[in-house]
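Asks: need the 3D shape of this:
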Amino acid sequence: MDTTQVKLTQYSHGAGCGCKISPAMLDKILHNPVAVKPDARLLVGNDKRDDAAVLDLGNGTALISTTDFFMPIVDDAYDFGRIASANAISDVYAMGGKPVMAIAILGWPIDKLSPEVAQKVLEGSRAVCAEAGITLAGGHSIDCPEPVFGLAVNGMVNIPHLKQNSTATIGCRLYLTKPLGVGILSTAQKRGLLLPEDAAIALKSMTTLNNLGEIFGGMESVKAMTDVTGFGLLGHLSEMCEGSGLSAEIDFEKVPVIASLPYYLKQQCFPGGTQRNWSSYGYKISTLSDEQRYILADPQTSGGLLVAIAEEGVPEFEQKLKENGYDVTAFGRLKSQDHGPLITVV
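Replies: Here you go, the predicted model:
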């Protein structure tokens with residue numbers, strides 16, 4: 001079978017991390033009225049809004065455990081496997097850890113799509129796992145109405161290097177390692193409007209590993225870290241602010257974005273997840289223009305790392321970025337909470 005003729009996005013109602021349940025709905029799902037005795041070994045668990053669970057192994061190191069899966073955001077099966085895998089592995093990097101093993105999660109509409117197409121998805125996943133230095137060691141599959149793929153990933157971290165999204169401090173500068181906009185571009189693709197050059201930009205962004213996170217784990221000046229995915233920049237920054245008891249001020253003109261976004265926004269190319277995101281947390285944000293809202297609440301798939309850096313560590317951090325080929329600057333800062341918006345955009 002010629003797997004290149006299959007367009008996976010035609011078989012799913014959502015795309016990538018845009019499939020995520022909204023933050024407001026997730027709050028209701030995760031609410032647990034029954035008191036559960038916490039596990040003393042659990043450094044990060046359900047009581048946190050972080051990227052992964054973290055278990056103290058009692059020897060100075062901790063196990064990081066996470067899972068992430070979604071429906072196709074691109075048509076090509078091999079690239080779908082790459083994107084889904086880079087996205088799942090990112091949770092380990094966002095905690096400052098090193099991935100060590102992955103297990104596949106596959107849901108497949110066996111009456112609609114051939115096993116050869118699923119094989120290509122797994123080939124893409126193995127390629128990204130190899131790039132991350134880990135093995136795709138097994139997995140589980142089910143017959144599913146829509147194609148779904150992702151990974152369960154384990155990682156390791158020296159406990160002093162563990163990074164969380166709730167430990168930022170006043171005065172931290174904010175950085176984002178990938179530009180925003182892949183949700184907008186994926187919507188343009190589904191509508192047949194995406195230019196080839198922008199398809200290549202989106203694919204490169206979504207398949208680039210966030211392995212800088214392991215390096216940042218060893219930097220004391222990195223006070224908090226998370227990755228930006230389905231809730232958009234404003235959603236994940238809101239979690240960082242609320243977890244840390246702080247607020248944020250960001251300069252919209254300094255937020256890294258894919259340059260061609262205005263072209264697609266003029267054609268009303270933005271995913272439904274953007275409005276779900278805004279409905280969940282928009283009341284916490286200062287007044288925005290439509291363009292600002294569409295970009296800052298855009299659901300990202302395999303997005304970049306959102307990093308809070310103590311001011312004194314900025315020169316070293318920016319040097320690390322340059323050494324690894326990243327040309328980004330701070331787009332905002334964290335400050336004490338007052339009676340104003342949680343996040344102010346200027």
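Asks: residues contacting the host helix or strand of Gln189, please?
Replies: Per DSSP states H and E, Gln189 falls inside helix 182-190. The contact list for helix 182-190 (C-beta atoms under 8 Å, 6 or more residues apart in numbering) reads 9, 15-18, 73-75, 194, 198-199, 201-202, 205-206, 232, 258, 260-261, 264-265, 267, 269-271, 273-274, 294-295, 298-303. C-beta here means a position set from N, CA and C on the backbone, and glycine is covered the same way.
Asks: distance between stretch 229-243 and the chain's centre?
Replies: On the basis of C-alpha atoms, centre = their mean, to the nearest Å, stretch 229-243 is displaced by 10 Å from the centre of the chain it belongs to.
Asks: low-confidence ranges in the stretch 1-150 of the chain?
Replies: Applying pLDDT under 70 to the stretch 1-150 of the chain flags the ranges 1-5, 12-36.
Asks: buried among the contacts of helix 182-190? Need that as a selection in PyMOL.
Replies: Listed next is the PyMOL selection for buried residues among the contacts of helix 182-190, using 16 or more other C-beta atoms under 10 Å:
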select buried, resi 9+15+16+17+18+73+74+75+194+198+199+201+202+205+206+232+258+260+261+264+265+269+270+271+273+274+294+295+298+299+300+301+302+303
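Asks: mind listing which of the contacts of helix 182-190 are in helices?
Replies: 198-199, 201-202, 205-206, 232, 261, 264-265, 273-274, 294-295 (DSSP state H).
Asks: so which of those sits lowest on pLDDT?
Replies: pLDDT across the ones in helices among the contacts of helix 182-190 is at its lowest for Gly273, which sits at 90.
Asks: so that one sits right up against Pro299, yeah?
Replies: Yes. Assessed by C-beta atoms under 8 Å, Gly273 is found in contact with Pro299 at 4.0 Å.
Asks: could you export the ones in helices among the contacts of helix 182-190 as CSV, including distance to Asp47?
Replies: As requested, the ones in helices among the contacts of helix 182-190 are arranged in CSV below (distance: C-beta to C-beta, whole Å):
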residue, distance to Asp47
Asp198, 40
Ala199, 40
Ile201, 38
Ala202, 35
Ser205, 32
Met206, 30
Gly232, 23
Leu261, 36
Tyr264, 39
Leu265, 38
Gly273, 26
Thr274, 28
Tyr294, 33
Ile295, 31
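Asks: farthest pair within these?
Replies: Using C-beta to C-beta, the ones in helices among the contacts of helix 182-190 span at most 21.1 Å, a distance reached by Ala199 and Gly232.
Asks: the closest residue to Val255 other than its chain neighbours: neighbour count?
Replies: Once flanking residues are discounted, Val255 sits nearest to Phe331: 4.7 Å by C-beta to C-beta, 6 or more residues apart in numbering. A count of nearby residues for Phe331, using other C-beta atoms under 10 Å, gives 19.
Asks: report pLDDT for Phe331.
Replies: Phe331 carries a pLDDT value of 98.
Asks: and it, what does it touch?
Replies: Taking C-beta under 8 Å, 6+ apart, we find Phe331 in contact with 174-176, 250-251, 254-256.
Asks: helix, strand, or coil at the closest residue in space to Asp143 that isn't next to it in sequence?
Replies: Of all residues not flanking Asp143 in the chain, Ile110 sits nearest, at 5.2 Å (C-beta to C-beta, 6+ apart). Assigned state for Ile110: coil (three-state reduction, DSSP: H, G, I helix; E, B strand; the rest coil).
Asks: so Ile110 sits right up against Ser141, yeah?
Replies: No. Here Ile110 lies out of contact with Ser141, judged by C-beta under 8 Å, at a distance of 9.5 Å.
Asks: the more surrounded of these two?
Replies: Between Ile110 and Ser141, Ser141 has the larger neighbour count (other C-beta under 10 Å), namely 15 against 12.
Asks: which SS class is that one?
Replies: Three-state call for Ser141 (three-state DSSP): strand.
Asks: that one pairs with what?
Replies: Bridge pairing for Ser141 (DSSP bridges) gives the partners Leu106.
Asks: next up, the contacts around it.
Replies: 104, 106-108.
Asks: and which of these is nearest to Leu57?
Replies: Of all the contacts of Ser141, Ala104 has the smallest distance to Leu57: 24.8 Å, by C-beta to C-beta.
Asks: now do the SS call for the closest one.
Replies: What three-state DSSP gives for Ala104 is strand.
Asks: I'd say it and Leu122 touch.
Replies: Yes. With contact defined as C-beta under 8 Å, Ala104 counts as touching Leu122 (6.6 Å).
Asks: so for those two, which residues contact both of them?
Replies: Counting by C-beta under 8 Å, 6+ apart, the common neighbours of Ala104 and Leu122 are Leu136.
Asks: neighbour count winner among those two?
Replies: Remark: of Ala104 and Leu122, Ala104 carries more neighbours, 24 against 19, as counted by other C-beta under 10 Å.
Asks: ignoring the adjacent residues along the chain, who's closest to the more buried one?
Replies: Distance criterion C-beta to C-beta, 6+ apart; nearest residue to Ala104, sequence neighbours excluded, is Gly139 at 2.9 Å.
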